[in-house]
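Trainee: Pasting the sequence and the predicted coordinates here, then a few questions.
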Amino acid sequence: MSRRPVIAGNWKMNKNVEETEDLIKSLIPLVDGAEAEVVFAPPFIDLPKAVELTKGTNIGIGAQNMFYEEKGAYTGEVSGEMLKDLGVKYVIIGHSERRQYFAETDEGVNKKVIKALKLGLTPIMCCGETLEEREAGDAKSKVVGQIRKDLADVDDVTKVIIAYEPIWAIGTGKTASKEQADEVCGWIRETITDMFGEAAAEATRIQYGGSVKPNNVKELMGMENIDGALVGGASLTADFAKIVKY
Ligand code: PEP
């Protein structure tokens with residue numbers, strides 16, 4: 001089974017509308033013709049401009065979060081319906097920064113994944129262990145536990161992109177070795193096999209994220225269980241094209 005690689009840029013809380021326009025305009029010709037599926041996830045306020053600029057290109061636009069209710073008294077939240085209406089195609093769910101700073105739980109992540117799928121949005125569902133958990137030998141139980149809870153009752157797991165992001169490698173310049181990253185992505189695939197069967201596991205894409213750069217993407221992408229990358233810092237300049245076209 002061949003899985004199409006997917007390279008996504010998570011801009012986090014960076015770039016205003018004007019900067020978004022500049023970066024997207026510089027990247028459109030550079031990522032054109034890429035073998036990988038390409039996703040940019042700018043902040044909410046930039047989404048309308050990003051969708052407009054990328055119409056007719058090979059770039060899909062993603063949000064960095066969504067709420068699972070459609071509308072109502074949820075101050076500060078944005079619903080999946082609202083994203084869909086804008087033309088957004090992907091949504092990052094359960095990023096470790098959301099879990100850490102905004103108290104997101106596995107239960108909430110699961111509801112968001114199910115809702116995104118119901119709306120036809122592609123969730124990029126993040127999981128990963130802390131340095132303390134890795135050093136204590138708990139990386140496997142942490143990640144497998146997240147996958148079991150976050151993907152519980154999902155109808156078609158093959159429509160979910162899973163991003164394995166060891167928290168100790170995010171924004172630190174410290175990348176997991178290709179063997180470490182592949183090992184955890186393998187545990188994730190085993191867990192998907194157990195939950196949804198072998199065919200579904202073979203078809204589901206698993207990204208690695210954590211200090212991916214132009215100089216390390218190729219070796220990571222060469223690993224059996226790694227089907228893409230979720231990129232933070234290195235997605236903020238036109239050099240992101242070097243990652244997309246690894
Ligand atoms: C991320 O936050 O998704 C990420 C992987 O960040 P960075 O590439 O900067 O480590």
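Mentor: It's in.
Trainee: How about the contacts made by the residue most central in space within the chain?
Mentor: Central residue of the chain (CA atoms, centre = their mean): Ile124, 3.8 Å from the mean position. Counting by CB atoms under 8 Å, 6 or more residues apart in numbering, Ile124 makes contact with 8, 39, 41, 62, 90-93, 161-163, 207, 230. Glycine gets a C-beta too; all of them are placed from N, C-alpha and C.
Trainee: Am I right that it sits in a strand?
Mentor: Yes. Assessed with DSSP: H, G, I helix; E, B strand; the rest coil, Ile124 lies in a strand.
Trainee: Quickly note the distance from it to the ligand.
Mentor: Distance of Ile124 to the ligand, computed by CB to the nearest ligand atom, to the nearest Å: 9 Å.
Trainee: and what of Val88?
Mentor: Counting by CB to the nearest ligand atom, the gap from Val88 to the ligand is 18 Å.
Trainee: Same check on Val184?
Mentor: Taking CB to the nearest ligand atom as the measure, Val184 falls 14 Å from the ligand.
Trainee: tell me what the helix or strand where that residue lies is packed against?
Mentor: Using DSSP states H and E, the element containing Val184 is helix 178-196. Under the contact definition 3 or more CB pairs under 8 Å, 6 or more residues apart in numbering; DSSP states H and E, helix 178-196 sits against helix 139-150, strand 161-164, helix 198-203, strand 205-209, helix 217-221.
Trainee: mean confidence score for that helix?
Mentor: Across helix 178-196, the average pLDDT comes to 98.
Trainee: relative to strand 205-209, how tilted is that helix?
Mentor: If you take axes from the mean of the first three to the mean of the last three CA atoms, to 10 degrees, helix 178-196 sits at 140 degrees to strand 205-209.
Trainee: Now do the buried residues in helix 178-196.
Mentor: Residues 178, 180-185, 187-189, 191-192, 195-196 are the ones in helix 178-196 that count as buried (16 or more other CB atoms under 10 Å).
Trainee: cool, and stretch 122-136?
Mentor: 122-130, 133-134.
Trainee: export that stretch as CSV, just CAs?
Mentor: Extracted C-alpha coordinates of stretch 122-136, given in CSV (Å, rounded to 0.1, in the frame of the first residue of the first chain):
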residue,chain,number,x,y,z
THR,A,122,-9.3,16.3,7.4
PRO,A,123,-8.0,16.3,11.0
ILE,A,124,-4.3,16.4,11.6
MET,A,125,-4.4,14.8,15.1
CYS,A,126,-1.3,15.3,17.2
CYS,A,127,0.1,13.1,19.9
GLY,A,128,3.5,12.7,21.6
GLU,A,129,5.3,12.3,24.9
THR,A,130,7.3,14.7,27.1
LEU,A,131,11.0,14.3,27.8
GLU,A,132,10.2,13.1,31.3
GLU,A,133,7.9,10.4,29.9
ARG,A,134,10.5,9.3,27.4
GLU,A,135,13.2,9.1,30.1
ALA,A,136,11.0,7.1,32.4
